[in-house]
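Chemist: coordinates for the following, if possible.
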Amino acid sequence: THTHTHTKRKFPSMRVFATVGTTRFDGLVHAIASPEVLEALAASGCTELLVQRGAGHDLLPAAAATAAAAGIALQTYDLKPSIAADIAAADLVIGHAGAGTVIETLAAHKPLIVVTNDSLMGNHQAELAQRLARDEHVWCTDCRSLAATVRQVRTDQPRRPLPSGRPEVFGAFLKQEMGFCG
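Modeler: Sure, this is the predicted structure:
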C-alpha cells in the first residue's frame with residue numbers, strides 16, 4: 001500500500017501558467033522547478049502547472065517527480081504563436097516582466113506574479129513591474145523570493161484591474177518614460 005502525503009490546499013484546484021516569453025530566463029524556469037516553489041504552489045491549490053520556457057533548455061523533466069509527489073501535473077513547451085489561450089485557462093499566471101506578457105495577462109483579468117530578471121542590464125522591465133506592484137495591479141518578486149510570494153497570493157482576492165483606456169495613450173506614455181523618440 002502507498003501512503004500519500006497531501007499538503008493542505010488553500011483552494012480545491014488551481015491551474016497555473018508560467019511564462020518566460022520568447023527569450024531565455026533559465027533563472028525563472030529553475031525557480032519554478034524547485035521543490036520549494038512546487039510545494040508552495042501545491043499548498044496554494046495548484047493541481048496543473050503549464051510552463052512556457054522560451055528559448056531556454058527544458059530543465060523541467062527533472063522536476064516532474066517532485067511535482068507529481070506534490071499532486072501537480074506538470075507540462076512544458078518552448079514557444080507557440082500565441083499564449084492567449086494558456087493565460088485564459090489559468091487561475092494564476094507567473095511571468096517575466098515583459099510588457100507584452102504583463103499587458104496581455106492583465107487584459108485577461110488574471111492574477112499575475114511578475115518575476116523580475118535581475119541579470120538584465122538597465123532593467124526597465126523591473127521598473128514597470130515594481131510600479132504595477134506599487135499600484136496593486138500585480139505581485140512583483142524575484143526568483144529567490146518566488147516561493148514566499150506564491151504563499152502570499154490569494155487568487156480569490158485579485159489585484160486592482162488596470163483602468164480601461166485608450167492603448168495609444170499608454171503607448172505614448174511608455175515611449176516617453178523609456179526615452180524613445182517618435
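Chemist: for Arg154, see how far away Leu92 is.
Modeler: From Leu92 across to Arg154, the span is 10 Å (CB to CB, to the nearest Å). For every residue, glycine as well, the C-beta is placed using N, CA and C.
Chemist: test my guess that His96 contacts Leu112.
Modeler: No: contact between His96 and Leu112 fails when scored by CB atoms under 8 Å: they sit 10.8 Å apart.
Chemist: so for the two, which sits in the more crowded spot?
Modeler: The residue with the greater number of neighbours, taking His96 and Leu112 and applying other CB atoms under 10 Å, is Leu112; the counts read 28 against 25.
Chemist: who are the contact partners of that one?
Modeler: Residues in contact with Leu112, defined by CB atoms under 8 Å, 6 or more residues apart in numbering, are Leu92, Val93, Ile94, Gly95, Val102, Thr105, Leu106, His137, Val138, Trp139, Arg159.
Chemist: who are the packing partners of the helix or strand harbouring Cys140?
Modeler: Per DSSP states H and E: Cys140 is located in strand 139-142. Under the contact definition 3 or more CB pairs under 8 Å, 6 or more residues apart in numbering; DSSP states H and E, strand 139-142 sits against strand 112-116, helix 124-134, helix 146-152.
Chemist: go again using 7 Å as the cut-off
Modeler: With contacts defined as 3 or more CB pairs under 7 Å, 6 or more residues apart in numbering; DSSP states H and E, the secondary structure elements packing on strand 139-142 are strand 112-116, helix 124-134.
Chemist: packed most tightly, which of the ones you listed would that be?
Modeler: Comparing those by mean neighbour count (mean count of other CB atoms under 10 Å), strand 112-116 ranks first with a mean of 26.
Chemist: lowest average confidence across the helices and strands packed on strand 139-142, which one?
Modeler: Looking at these, the lowest mean pLDDT belongs to helix 124-134 (a mean of 86).
Chemist: counting by contacts, list what that one packs against.
Modeler: Of the remaining helices and strands, those touching helix 124-134 by 3+ CB pairs under 7 Å, 6+ apart are helix 99-107, strand 112-116, strand 139-142.
Chemist: tell me how far it is from the chain's mean position?
Modeler: 14 Å (CA atoms, centre = their mean, to the nearest Å).
Chemist: now stretch 113-123
Modeler: Centroid displacement of stretch 113-123 relative to its chain, using CA atoms, centre = their mean, is 13 Å.
Chemist: most neighbours out of the contacts of Leu112, which is it?
Modeler: Ile94 (29 neighbours).
Chemist: rewinding a little: return the list of strands paired to the strand holding Cys140, each annotated with direction.
Modeler: Each strand that pairs with strand 139-142, with its direction, by DSSP bridges: strand 112-116 (parallel).
Chemist: thanks again, I'm all set now.
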